[in-house]
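next comes the sequence, and after it the predicted model I'd like to discuss.
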Amino acid sequence: MTQAQAMSARLEIRWDLRPVVYAKLLETHGLLGPGEVPAKRRAMFADVVRCARLLGQPFSGPPAQGLPAAWLADRIREPCLKADLRALTQGALTEGVFGVPTFICDGDLFWGHDRPGTS
């Protein structure tokens, strides 16, 4: 989402980010994630590095997002957070979401980091 702010201004859109349980999306649709398929994992990692380079963004591994690990581990155990995450995931499944990132614009679903701006 390194391009989100510029894209928001250019396309006059507002982002409504909603976390989901990625594994649940995959399980529901009978899919395997990139970590579970060695060839897919290698291809995805190479693509992420390539895209970062094309966008002029530094890349050194999975983003930490600035969240302390201990804080995140404590939060993920909170029942209300779990319930919210389950509800958001179910809502995404109801809308036909099968992977991340997914963008929905005017009821149309766009999947993949390269899709914003094509709606």
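On my side now, so go ahead.

remind me, longest helix of this structure?
In the chain, with assignment by DSSP state H, the single longest helix is helix 38-55.

now it: mean pLDDT?
For helix 38-55, mean pLDDT is 90.

low-scoring pLDDT stretches of this protein, where are they?
Counting by pLDDT under 70, the ranges of the chain that qualify are 1, 61-67, 113-119.

need the strands for it, in chain order.
102-105, 108-111 (DSSP state E).

the protein: helices as residue ranges?
4-11, 22-29, 38-55, 69-76, 79-94.

out of the ones you listed, which is closest to residue 104?
Evaluated with C-beta to C-beta, these place helix 79-94 nearest to residue 104, the distance being 9.1 Å. C-beta coordinates here come from the backbone N, C-alpha and C atoms, glycine included.

export the closest one as PDB, just CAs?
Extracted in PDB, the C-alpha atoms of helix 79-94 (Å, rounded to 0.1, in the frame of the first residue of the first chain):
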ATOM      1  CA  PRO A  79     -12.100 -12.200  22.500                       C
ATOM      2  CA  CYS A  80     -13.600  -9.000  21.100                       C
ATOM      3  CA  LEU A  81     -10.700  -8.700  18.600                       C
ATOM      4  CA  LYS A  82     -11.100 -12.300  17.500                       C
ATOM      5  CA  ALA A  83     -14.900 -11.800  17.100                       C
ATOM      6  CA  ASP A  84     -14.400  -8.700  15.000                       C
ATOM      7  CA  LEU A  85     -11.800 -10.400  12.800                       C
ATOM      8  CA  ARG A  86     -14.100 -13.400  12.200                       C
ATOM      9  CA  ALA A  87     -17.000 -11.100  11.300                       C
ATOM     10  CA  LEU A  88     -14.800  -9.100   8.900                       C
ATOM     11  CA  THR A  89     -13.500 -12.300   7.300                       C
ATOM     12  CA  GLN A  90     -17.100 -13.700   6.900                       C
ATOM     13  CA  GLY A  91     -18.100 -10.400   5.300                       C
ATOM     14  CA  ALA A  92     -15.300 -10.600   2.900                       C
ATOM     15  CA  LEU A  93     -16.200 -14.200   2.000                       C
ATOM     16  CA  THR A  94     -19.800 -13.100   1.500                       C
END
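
done for today, thanks.
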